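Chemist: got a predicted model here, sequence first, then my questions.
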There are 2 protein chains.
Amino acid sequence: MGETPLLDRLVEALRCLPGVGPKSAQRMALQVLERDREGALRLAEVLKAAVEHIGHCQCCRTLTEHPLCRICVDMHRDRHLLCVVETPADQMAIEQATGFRGQYHVLLGQLSPLDGIGPEELGLDRLEARLAEGEIQELILATGTTVEGEVTAHYIADMARGHKVRTTRIAQGIPLGGELDYVDRGTLSHAFSGRRDL
Amino acid sequence: MGETPLLDRLVEALRCLPGVGPKSAQRMALQVLERDREGALRLAEVLKAAVEHIGHCQCCRTLTEHPLCRICVDMHRDRHLLCVVETPADQMAIEQATGFRGQYHVLLGQLSPLDGIGPEELGLDRLEARLAEGEIQELILATGTTVEGEVTAHYIADMARGHKVRTTRIAQGIPLGGELDYVDRGTLSHAFSGRRDL
C-alpha cells in the first residue's frame, strides 16, 4: 500500500474536489471512515464508472455516458428551439430554473484565440450544420455576460444570421430582488439604457 | 449501468461527504469530469482502498490500515504520557497544534448510557489495562468541554485515581485573541473563577 498512510493519501486525494482545502478534506476523510463507509464505497464505485464511461453527447456535446444525451434523444423536446450555453452546469441551471423545452448546444468553453480556443474547439462546425438543416427557428444565446461570453455570442449570432435563423440573447439587467444600491455600475447603466415600456 | 444517468448518480453519491449539499455535489461532479478525471480516478481508488483496509489501532483505537498505528509503534514517543481524546480528528488537531510527544487513547465517542455507550464501547477496559501496567505517569484528559465530554473525563479520572496515576485536564477559559465581550457567559464565569497568579 506504499509508505504514506492510507488516511493521508485519502485526505490528499479528496482535494481534487473543487472548494475542498486541507481542513475540509481531513474532516471528510474522517467522517466517511467513522460514519459512512457504505456511502464512501458507493462513491468510489460511481466515481470510477463515471470517469470511465461519461463522455460527450455526439449532438449537443453535454456530458453523458451514452452516444446521445437524454435531451437529444427526447422526441418531445421542441426541435425548433436551440439554446447555446458554455458548460453542462449552465445547461443544468437552465433546465432546473426555466421551462425551456428545446434543445441545446454546449460550447464547453468560450472563444479565446489567445488560448487556442477557436470555433472548432467549441463545436461550432457541428452547430452550423444543425443551423443549415433548416429546422431551427430560434437560436437562444445563453453564454455568460463576461467579455468572452459576449464575443462568443456575437460570433455565433453572425453565423446564425448567415442561415437566416432568428437569434436572441438572454436578458441582462438587475437581478430579481436586487437593490439598485448594491448592483455594480456596469449592470445598472446597462439596465437603465435597456429600459422597456410597461 | 441502470436507468438513472451516471452523472445524477455521481451527484447523489457525492452527498455522503460532510457539508456537501445538492448544489456543491453537482459542481464537484461537473468539475472533476471536465477538468480532473485523473484526480477523480485516483480518489475512487484511494477511497475504495481506505474503506477496505483502514481499521482501528489495536492499542490506541485511532484509524490506521496497520494493526498498530504510527504513533503506537514509534519508539521515540514518550510512554509515560497518555492523552485521552474523543476522536481521531481531535488526535490530529493535537498533533498539529501542540508539541505533545506522548501516546494516545482514542475513545471514538463519549459516555452516553442512554445511547448504550458505556465504558466498554470507549475501550476503557483497554485503557485501564494500560494504566495497570504502571508505565504511565500522567494521563491528560483532552475530551470536549461539553456535558458528555466532562462526564467522560470524570469517569476516566476516577479510574486513573484507582491506579494512582496523575491526571490532568486541558485548560478551559477565554480563547486566544478572544474579546471578553464576545465570549459566552459560561466560559467567562469559568475563566474568572479559574484565574491564576501572574
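Modeler: All right, it came through fine.

Chemist: okay, buried residues for the helix or strand of chain A with the lowest mean pLDDT please.
Modeler: Using mean pLDDT, DSSP states H and E, the weakest-scoring helix or strand in chain A turns out to be helix A:185-193, at a mean of 82. By 16 or more other Cβ atoms under 10 Å in any protein chain shown, the buried positions in helix A:185-193 come out as A:187, A:188, A:191. All C-beta atoms are positioned from the backbone trio N, CA, C, and that covers glycine.

Chemist: and stretch A:77-93, by the same measure?
Modeler: Using 16+ other Cβ under 10 Å as the test for burial, stretch A:77-93 gives A:77, A:81-92.

Chemist: low-confidence stretches in chain A?
Modeler: Applying pLDDT under 70 to chain A flags residues A:1-3.

Chemist: 90 - rerun?
Modeler: A:1-4, A:96-99, A:113, A:145-146, A:170-198 (pLDDT under 90).

Chemist: tell me the centre residue of it?
Modeler: residue A:87 (2.0 Å; Cα atoms, centre = their mean).

Chemist: surely it meets residue B:30?
Modeler: Yes - using Cβ atoms under 8 Å, residue A:87 makes contact with residue B:30 at a distance of 7.2 Å.

Chemist: I'd like the buried residues of helix A:185-193 laid out as TSV, including distance to chain B.
Modeler: Below are the buried residues of helix A:185-193 laid out as TSV (distance: Cβ to the nearest Cβ, whole Å):
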residue	distance to chain B
A:187	23
A:188	28
A:191	27
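
Chemist: where's residue A:51, which helix or strand?
Modeler: Following DSSP states H and E, the helix or strand that holds residue A:51 is helix A:37-53.

Chemist: need the residues that contact that helix.
Modeler: A:32-33, A:65, B:1, B:6-7, B:9-10, B:13-14, B:16-17, B:29, B:32-33, B:37, B:40-41, B:43-45, B:47-48, B:50-52 (Cβ atoms under 8 Å, 6 or more residues apart in numbering or on different chains).

Chemist: can you give me the buried ones in it?
Modeler: Within helix A:37-53, the residues that qualify as buried are A:37, A:39-44, A:46-51, counting by 16+ other Cβ under 10 Å.

Chemist: now stretch A:93-109
Modeler: A:94, A:100, A:102, A:103, A:104, A:105, A:106, A:107, A:108, A:109.

Chemist: quick one: stretch A:155-170 to chain centroid distance?
Modeler: 20 Å (Cα atoms, centre = their mean, to the nearest Å).

Chemist: buried set for that stretch?
Modeler: For stretch A:155-170, by 16+ other Cβ under 10 Å, it's A:155, A:156, A:157, A:159, A:160, A:165, A:167.

Chemist: just checking, which of those residues belong to helices?
Modeler: Of these, the ones assigned to helices by DSSP state H are A:155, A:156, A:157, A:159, A:160.

Chemist: got a markdown table for the residues you listed, with distance to residue B:69 too?
Modeler: Formatted as a markdown table, these follow (distance: Cβ to Cβ, whole Å):
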| residue | distance to residue B:69 |
| --- | --- |
| A:155 | 59 |
| A:156 | 58 |
| A:157 | 63 |
| A:159 | 62 |
| A:160 | 64 |
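
Chemist: among the residues you listed, which one lies nearest to chain B?
Modeler: Set against chain B, the nearest of these by Cβ to the nearest Cβ is residue A:156 (20.7 Å).

Chemist: surely that closest one and residue A:84 touch.
Modeler: Yes - with contact defined as Cβ under 8 Å, residue A:156 reaches residue A:84; the gap is 6.0 Å.

Chemist: secondary structure element holding residue A:148?
Modeler: Residue A:148 is located in helix A:147-162, with elements delineated by DSSP H and E.

Chemist: all helices for chain A, in order.
Modeler: Secondary structure of chain A (DSSP H): helices at A:6-14, A:22-35, A:37-53, A:70-73, A:88-97, A:124-132, A:147-162, A:185-193.

Chemist: and those helices as JSON lines, adding distance to residue B:58?
Modeler: JSON lines is the format used below for the helices of chain A (distance: least, Cβ to Cβ, whole Å):
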{"stretch": "helix A:6-14", "distance to residue B:58": "16"}
{"stretch": "helix A:22-35", "distance to residue B:58": "17"}
{"stretch": "helix A:37-53", "distance to residue B:58": "19"}
{"stretch": "helix A:70-73", "distance to residue B:58": "51"}
{"stretch": "helix A:88-97", "distance to residue B:58": "46"}
{"stretch": "helix A:124-132", "distance to residue B:58": "60"}
{"stretch": "helix A:147-162", "distance to residue B:58": "58"}
{"stretch": "helix A:185-193", "distance to residue B:58": "62"}
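
Chemist: residue B:129: which of those is closest?
Modeler: helix A:22-35 (23.9 Å; Cβ to Cβ).

Chemist: how far is that closest one from where the chain is centred?
Modeler: Per Cα atoms, centre = their mean, the centroid offset for helix A:22-35 relative to its chain is 29 Å.

Chemist: what does it contact?
Modeler: Identification of contacts with helix A:22-35 by Cβ under 8 Å, 6+ apart yields A:7, A:10-12, A:14-15, A:20, A:39-40, A:43, B:16-19, B:47, B:50-51, B:54, B:63, B:87-89, B:92, B:108.

Chemist: same check, this time on stretch A:134-145
Modeler: Residues from elsewhere that reach stretch A:134-145, judged by Cβ under 8 Å, 6+ apart: A:79-86, A:90, A:94, A:100, A:102, A:107, A:110, A:130-131, A:149-150, A:152-153, A:156-157, A:160, A:163, A:165-170, A:172.

Chemist: quick check: buried residues in it?
Modeler: For stretch A:134-145, by 16+ other Cβ under 10 Å, it's A:136, A:139, A:140, A:141, A:142, A:143, A:144.

Chemist: alright, I will stop here.
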